[in-house]
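**Q** here is a sequence with its predicted model. Questions after.
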Amino acid sequence: FSASSLSSEAQKRGVGQRNSYSSVFYGDVDMDEDVEGNSRLVYVRFVTKLDDPFKVPDTQLGLPSNITRLGLSTVVNNVLQSGPSFYSARLLPFDVLRVPVIDFRRDNWRHEPFDFLINGELVRMSLEEFLLAKGISAEKVLEIEYIKAVAPRKQEEPSFHDDWVSAVDGSNPGFILTGCYDALGRVWKAAGLYVENDTGALVATASKDKTLRLWMFDAEESRGDPTKIRAYKTLRGHNASVQSIAAQPSGDMVCSGSWDCRINLWQTKESDAGASVSIKKRKKGSHDGESQSEGEPVSTLVGHTQCVSSVVWPQHGTIYSASWDHSIRRWDAETGNESLNTCCSDSSSSLDPIDSAVLIFCGKVINCIDIGGESSALIAAGGSDPILRIWDPRKPGSSAPIFQFSSHASWISACKWHKDSWFHLLSASYDGKIMLWDLRTAWPLAVIDSHEDKVLCADWWKGDSVISGGVDSKLCISSEISVK
Amino acid sequence: KKRFQRLHLLAAWIELQEAFLSALVSDNGDVMEEEIRGPVETGGSTSTFNTAWISRKGSFKIDRTLRELGSGLSDILGDEGVANTSDGDGSSNDGGGDLSEGDQSESEEFAQGVEESDSSEDEVAPRNTIGDVPFEWYKDEEHIGYNISGKKLKKKERQDKLDSFLASADDPNGWRKVMDEPNDEVVQLTKQEVKMICKVLKGKAPHKDFDPYSPYIDWFKMDAKHPLSSAPEPKRRFVLSKWENEKVVKLVRAIRKGLIKFDKPKEKPGVYDLWGDDSSSMEKAGHGLAYIPAPKPKLPGHEESYNPSLEYIPTQEEINSYQLLFEEDRPKFIPKQVVIHLHLLRFTSLRSVPAYENYVIESFERCLDLYMCPRARKKRINIDPESLKPKLPSRKDLKPYPTICYLEYRGHTGPVMSISTESSGQWIASGSSDGTVRIWEVETGRCLRVWELGEPVRHVSWNPSSDIPILAVSAGLDVFLLNAGLEDEERKMINKLLHIETSMAPDDTGKISSIVSWDQDDNHEGIRLKHFKTVSSVEWHRKGDYFSTVMPSDILSLCIMWLAEEPSDSNECFLRAILIHQLSKKSTQRIPFKLHGLPVSSAFHPTRSVFFVSTKKNVRVYDLLKQKLIKKLETGAREVSSIAIHPGGDNVIVGTREGKMCWFDMDLSSQPYRILKCHSKDINSVAFHRSYPLFASCSDDSTAYIFHGMVYSDLNQNPLVVPLEILRGHASANGRGVMDCKFHPRQPWLFIAGADSVQSDSDRSVMKTISALGRFCKDDRKISGGCGGGFTDVYSPGNHWLAISCSEVFLSSPIVVVEKIHPIEISEAVSVAARGSARVIEAAEADRAAIVHRRAIVCLTLLIYNRKARRGCGAFRVSLIRRLLRVGSYAGDGIASFGDGNWVPLDGIRVSILSVS
């Protein structure tokens, strides 16, 4: 069987091992041992929301209770491989597991790893243990939902930069933006290729030289060589290096967080229209004295006492920011000028009334923040400890995180929600690993170990890929992640 | 004749009467009731004998007279037994004298008899109640007394004697008549009475009914029942009277008020353990001479058997381990064994057990004990060590503090000597002995900028002002002011700040400008301040305009300067050790204080214009405005290495080269408030956090310690110091461990710089040399022994490595070992002075020289040896010193040793400066 996902043992431990993308075959012998070792049977019914080729008919199966995710996945794959007419009768598990040769089997079936949900929770141990832990009766017929396992199946060739990759952005499915310590921003179309864009796009970059720059690049110029673009606008207004940048969803405005403890809002939309893409980026030492227009901040949000390390602008009027002063704040971008921040009424009640803008106070330095998840309301943040925390600001009366993921070994440098999923997010850490998380389990779904040194930035791309850059100057793309 | 006989008898009779009467009158007559009453009762009449109280004295008289009378009567009556009577008469006459004597002797017994006779008094009341008085009192009265009702008893008409005599002579019964004088009447004795009298006179039973053997009734026994009265007990016997009631109430009140205190009932000594511990008896000897009970010997157990079980026989390891114990703790008795055929065997019989070998010794010692009285109380405190620990808050409550290493900043090729954080916390600068200064991004570990300065960097320091990102770096003899290049707009301003007019350089106004010269350094876009000595540390004032540089005691250059220019003012050299520079005016001034000792480092007060200078032993606090010494903090350490000021400014921590850290509370005293001894090697740096209550120390033992140091605003509360965490991670590289530690200005993060980032080969060899020497010195000190007052250190003047081991002169000769990596350049000087007696040591060996001063003796042994022979004390090859040049003596107070960069001041010791060439 081609088990391209992680081995279940590795997932059980929650330890990120390097993914093995090679096929692993599990012989019949193993399965027999499993079955005979424990004769207790659990009757299950598999359901799914997947489309037809991955749908199994609605039948009951008796499975040994010590079966793990890998075994379940094998069973489903075997069932699928055996074809639609396989299920004429209730089958004994031995028959299923021994892969009986039946006429209708699909010969060119490609093994697909699945993940299994029981009552909305991912199975990360043996079925027996899971039922015991959750207090589910094994007498009834279990309904197990299966989804495609979220794990990268393919690792693209890394794209090398001249220096550390400090920022990546994958918000536009057409290309990837990267920022680099050699003071250049790069636009990549795919792995190993510089940009060759077809539509005009607006790019904003933030740099350690205290400025933001707006770039416009337009499509088909020189095809072979990497094109060099010059910023058409420089936004000055910060007194210290700009740490983070985020664009309004409509693309009209950009906000940036800086080491001078301020968040500045900038207008971008005075030039011609075009898809606006924002990118968080750091660079330094660009001395280009060419003629370019300069811009002033529209408004400034003051409230943080230390470096604003991360800003996000998920909705039109709301900006979230995280800072080294251990706080996460929510700002109203509309009224930003005077009271400049309104806090959710429910969460402010429990907090200090003087500093009502503080949404969440965490004891650690926060380096990255992202908004997403269920109805785009959950806050994920990571910082100067190896724990990825997720808060629900709608929850009244408590500022304790609702989820904590602590499989990393070092500081977390980036965290991003998946755009379409309520449950999936990724985190990158200085220990060189990127982990994919599902809220429904405490262990990482997958560990991408393609970097050799600290990972400084990571993002989703096109919904099924993870792009990341780090100290090893590589842009790594892990693709074919089947988030439902 | 008959008549005469009668007369005679009459006379006797009268005599008898008188005797009777006198006996009757004498109150103390004996009772002879039985004898007398009987006949009275039988007679039926109230005889005179009823009231007869016959004393013994009287009775004897009566006895005699009766006997005479009886004899006379018998004569008269012709009764039988006259002959006997006469015989008795004669004998009684003979014994008359005896009787009179017996009278007196028995009269005393008689007194006792009176009381015995009391009981019979009431039975028959006498008619006359005058009692026992002589009748002569009534001789002239008309009455003889009184009856019971108080009436006078009249005297009867008395016949005169002759008439009565004649009447009695006529009366045949006249002889029987007796005069009862108290009642004044004549009583006639009956026949029976007379008989009875005769019988009594003869000493026989008075009458037939008399039972001489009647049972004795003891009426006067203790428990004899005297039913005197059968009346019921009167109430007053058991009911309190009113007075008693009042008294009782009073007492009860007094008891309640506590005015009356009862004695506590004495506790009876209970049973006690005879063989128990005597420790309680220590308490009972509370006062007076201390009573020390004799130690109770342990009762013999199985192990003292001649043939103990196997488990009581210690193995060889146990015996060896006993040797490690204190002598007192060792078991007193170890079973002995015999060696038979090369095997250790137990004694097979009691017969084979030898005599106790310590008997003589122990007896002797016991005698000595008794003689010398050495029994002493040994204070051995048995306390649970846990209870001695101070109560500290839990570490969990003191979070956050650094615990785990998350980031490493890699890039230096040599030991990182110093680090410094930028005020915002975004950048950190580091200086290494590979000659580079680097700026790192704190968040990612990215090296932003590198300066190659060429010389090993000793110290880096960011300007504390966030507007002026200038880095002060001390490397070799120079201090560089470097533009960090973080500012864009202000770059010109900083350039201006760092620009020096070339015309300013040549103006030599005084000596100071000759010490430090401000030059433009175009290579590094900064200023280069040339000092005349190696600068060990650079510290900025909080406003970022002033900074101080410390040039620790380079005695050689001092000496050279001293030789070069005439030493007019020797203090000048010390004053130049610390300089204060002003960036805006590009000027340098020396501190206007006299330094006592050799400066190690300096620091500015975080809020006030106070300047801290730490010399090797003390920390001096100066007020820069008033220009005077405020305080002197005595560390008590041999050598101070670093100092850090609490952001509040009232607390100072000082790290020493002995691994101790002293916390000074400036408000408390000049002594350390607390001494923390945690490092096993030299402390290289100490640091306070700017906002969190944390401080840290780092040491050559490759560890850094994090402490919680809470300073309360309440002045009554002393600072709370709690050790929190030991940070490891740096490997010990050639004897050096963690060189510097700094806190992040805003986060609870600690940066530590280690010496283990050595990569180039040359550096490593040099570092190895140091560690090898250090090891040697340790050995050397051990061998010379008893050098408790000495010190050992490794000095590194430039390219040469000196190891100095010094001990007090009077213990053993101090040894100064100098190793030169480059043996040709033996040009440095080392001098060691040690406090000693005034004794002069003439050291005349070829390889040893002694310089003698008035008060101190300096003894030097300069050993120059090659590197191969380094091991072992006796193995190294001693080569002769070419020349030992005494440069001179310096009369400054308090310098004992100097090499490059290190001074040890000792009070009142002279200094000699030696130069070896």
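**A** Alright, I've got the coordinates. Residues are numbered from 1 along each chain as shown, chains lettered A, B, ... in the order given.
**Q** distance of the closest residue to chain B within the stretch 151-300 of chain A from B:S465?
**A** At 5.5 Å from chain B, A:W259 is the closest residue in the stretch 151-300 of chain A, using Cβ to the nearest Cβ. In short, each C-beta sits where N, CA and C put it, glycine included. Look at A:W259 and B:S465: by Cβ to Cβ, to the nearest Å, they are 16 Å apart.
**Q** look at these two and report which has more neighbours.
**A** Under the neighbour definition other Cβ atoms under 10 Å in any protein chain shown, A:W259 and B:S465 were set side by side, and A:W259 has more, 23 against 15.
**Q** the nearest residue in space to that one that is not next to it in sequence in helix, strand or coil?
**A** Leaving aside its sequence neighbours, A:W259 sits nearest to A:A240 (Cβ to Cβ, 6 or more residues apart in numbering or on different chains; 3.4 Å). On the three-state scheme (DSSP: H, G, I helix; E, B strand; the rest coil), A:A240 is labelled coil.
**Q** what about A:A240, how many residues nearby?
**A** Neighbour count for A:A240, taken as other Cβ under 10 Å: 19.
**Q** let me know whether it touches A:S256 as I believe.
**A** No - with contact defined as Cβ atoms under 8 Å, A:A240 does not reach A:S256; the gap is 11.3 Å.
**Q** ok, back up a step: distance check, the residue nearest to A:W259 against B:V721.
**A** In terms of Cβ to Cβ, A:A240 sits 36 Å off from B:V721.
**Q** go on, B:T607?
**A** In terms of Cβ to Cβ, B:T607 sits 22 Å off from B:V721.
**Q** again with A:E121
**A** Counting by Cβ to Cβ, the gap from A:E121 to B:V721 is 49 Å.
**Q** so for these two, which sits in the more crowded spot?
**A** Neighbour count, other Cβ under 10 Å: between A:E121 and B:V721, B:V721 has more, with 21 against 17.
**Q** that one: what's it in contact with?
**A** B:V721 makes contact with B:663, B:674, B:676, B:707-709, according to Cβ atoms under 8 Å, 6 or more residues apart in numbering or on different chains.
**Q** make it 10 Å
**A** The neighbours of B:V721, taking Cβ atoms under 10 Å, 6 or more residues apart in numbering or on different chains as the test, are B:390, B:392, B:651, B:653, B:661, B:663, B:673-674, B:676, B:693, B:695, B:707-711.
**Q** where does the prediction get shaky in chain B?
**A** Within chain B, the stretches with pLDDT under 70 are B:1-3, B:23-126, B:222-228, B:276-292, B:337-345, B:374-379, B:487-492, B:501-515, B:553-576, B:756-917.
**Q** tell me which residue in it sits closest to chain A.
**A** B:Y406 (5.1 Å).
**Q** now do the contacts for that residue.
**A** B:Y406 neighbours (Cβ under 10 Å, 6+ apart): A:384-386, A:409-411, A:429-431, B:445, B:749.
**Q** got it, and B:N483?
**A** B:449, B:468-471, B:490-491, B:494-495, B:497-498, B:524-527.
**Q** narrow those to those that are buried.
**A** Neighbour-count burial (16 or more other Cβ atoms under 10 Å in any protein chain shown) applied to the contacts of B:N483 gives B:449, B:468-471, B:490, B:494, B:497-498, B:524-527.
**Q** include distance to chain A and secondary structure when you put those into a markdown table, please.
**A** A markdown table is the format used below for the buried ones among the contacts of B:N483 (distance: Cβ to the nearest Cβ, whole Å; DSSP: H, G, I helix; E, B strand; the rest coil):
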| residue | distance to chain A | secondary structure |
| --- | --- | --- |
| B:R449 | 10 | strand |
| B:I468 | 14 | coil |
| B:P469 | 11 | coil |
| B:I470 | 16 | strand |
| B:L471 | 17 | strand |
| B:E490 | 10 | coil |
| B:I494 | 15 | helix |
| B:L497 | 18 | helix |
| B:L498 | 19 | coil |
| B:H524 | 17 | coil |
| B:E525 | 14 | coil |
| B:G526 | 18 | strand |
| B:I527 | 23 | strand |
